[in-house]
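Asks: Quick one, structure for this:
(one chain, ligands or ions: 2)
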Amino acid sequence: MKALTLSAEWAPKPGYDLTEKERELRRPRNANMTWKGPRITLGDAPDPSLKPDQVMLAIAAVGICGSDMHMYEAGEDGYMVYPGLVHTPNIIGHEFSGRIIEVGAEVKDLRVGDLVAVEEIQWCGECLACRRGFVNHCLDIEELGFTIPGAMAQYLPVRAKYCWKLDEVAERYGEEEALVMGAMVEPTGVSYQGLFNRLRNWLPGNNVVIFGAGPIGLAAEALVIAAGANQVIVFDPSESRRAFADKMGASVSLDPTGIDLDEAIMQHTFGSGVDYVVECAGFADRTIEPLDRCLAVNASIIDIGMGGDEPTLPIVAYKRMGVQYAGSLGHAGGPFQQVIRLMASGRIDMRKMVSARLPLAEAPAAFKRLENRQDAKIILQPNPL
Ligand SMILES: [Zn+2]
Ligand SMILES: [Zn+2]
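Replies: Ligands and ions are numbered 1, 2, ... in the order given. Next up is the predicted model:
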């Protein structure tokens, strides 16, 4: 089958402390400290085989994520930008949908022909974090498209327990559109997890600030609008991304470069300040850290963006204003169902952020095109829908 593979050289930075297991598996917690000279190649890979608890998918749609870009891009030192768990060589791609073409002997609720979206986080269900319900923080985690083969390929076997059916969306929009939307359940689920499953204090009527109008920020925007937000202020330095934010219904979209964030936020919240801040840019040192006067009493800050930044947060201001801060990671443990329902009901339509649908053969060109961050989401289609 055709597949897109990420490779890099194993060159741990001097002084970076690797555990025995990280060294042995070449699967470091911090890819940006060990993998040098990342590159992607489109080529032939062996056809995968099926285990009894898996279904085989013909991949219909797979989005290119900011994380994919950060695995593909090198910083000034030549090392991979992405700061999380990565093994190479590996087939990447983790935001996807597909049609089931084969079902393993132990699978109960899925049939050949079903359309599904699939969780990227391969949580074990048995570790202490999973048993307490925090599956996104699984202690024995594998990540599809990061540590094990992903979906920028024609076929992928996945365990049935990570699959969520798209039939409700197909009922409303037809199969082809449901499969494109299905590829956006994962990134939208990341935003959902941060907004509604971490602090669990969302209120309709909130004033919201979103940093970063990439796909996660745009998904957060769609979700807070569906959930009854008041003012929705989106910051992004890219003009074309601000245009996506406007198209998706932002009250205002602003270039944060060189402006006083506190002042701008106070102005656009009519002096009452922000209740929900959502960091989807990965630059908390330049987004969350400067915020002070614009935080409303009891404001919430949700930090999702991962950019290798090392912010110093104004904890004293947080105490004074009764502010809560939550980091958020992942999309598993429930958001898939909610996001699929919001799509099926027409409350959110993530197709508005898709700027291109391309065959897998054009993947290398699509990565190149995304380097300047002008597009929002590009969807690759490895098999005809
Ligand atoms: Zn992603
Ligand atoms: Zn676990």
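Asks: Skipping adjacent residues, who's closest to the residue of the stretch 51-200 of the chain at minimum distance from ligand 1 in space?
Replies: When scored by C-beta to the ion, the stretch 51-200 of the chain has C65 as its residue closest to ligand 1, at 3.0 Å. Backbone N, C-alpha and C define where each C-beta goes, glycine included. Nearest-residue entry for C65: E95, 5.4 Å, with adjacent residues in sequence omitted and distances by C-beta to C-beta, 6 or more residues apart in numbering.
Asks: domains in the protein, as residue ranges please.
Replies: For the chain, automatic domain parsing gives the domain ranges 2-186+331-381, 199-327.
Asks: Could you give the separation of the first one from the chain centroid?
Replies: What that stands for is domain 2-186+331-381. Centroid displacement of domain 2-186+331-381 relative to its chain, using C-alpha atoms, centre = their mean, to the nearest Å, is 9 Å.
Asks: average pLDDT across that domain?
Replies: Averaged across domain 2-186+331-381, pLDDT comes to 96.
Asks: got it, and the last one?
Replies: Taken as a whole, domain 199-327 has a mean pLDDT of 96.
Asks: burial measure for the residue in the stretch 251-385 of the chain positioned nearest to ligand 2, as a count.
Replies: Closest to ligand 2 within the stretch 251-385 of the chain is A332: 10.2 Å, counting by C-beta to the ion. Using other C-beta atoms under 10 Å, A332 has 24 neighbouring residues.
Asks: which residues touch it?
Replies: E119, E120, I121, W123, V135, N136, Y162, G189 (C-beta atoms under 8 Å, 6 or more residues apart in numbering).
Asks: Neighbour-wise, which one of those leads?
Replies: G189 (31 neighbours).
Asks: isn't that one right up against Q337?
Replies: No: contact criterion C-beta atoms under 8 Å: G189 and Q337 do not qualify, at 9.4 Å.
Asks: Extract the CA atoms of stretch 130-145 and return them as PDB.
Replies: What follows is stretch 130-145, C-alpha atoms only, in PDB (Å, rounded to 0.1, in the frame of the first residue of the first chain):
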ATOM      1  CA  CYS A 130      -7.000   5.000  33.000                       C
ATOM      2  CA  ARG A 131      -8.700   3.300  35.900                       C
ATOM      3  CA  ARG A 132      -9.400   6.700  37.400                       C
ATOM      4  CA  GLY A 133     -11.000   7.900  34.100                       C
ATOM      5  CA  PHE A 134      -8.000  10.000  32.900                       C
ATOM      6  CA  VAL A 135      -7.400   8.000  29.700                       C
ATOM      7  CA  ASN A 136      -5.700  10.900  27.900                       C
ATOM      8  CA  HIS A 137      -3.000  10.600  30.500                       C
ATOM      9  CA  CYS A 138      -2.600   6.800  30.200                       C
ATOM     10  CA  LEU A 139       0.700   5.700  31.800                       C
ATOM     11  CA  ASP A 140       1.100   2.900  29.200                       C
ATOM     12  CA  ILE A 141       0.100   5.000  26.200                       C
ATOM     13  CA  GLU A 142       0.700   4.500  22.500                       C
ATOM     14  CA  GLU A 143      -0.200   7.200  20.100                       C
ATOM     15  CA  LEU A 144      -1.400   6.400  16.600                       C
ATOM     16  CA  GLY A 145       0.600   8.300  14.000                       C
END
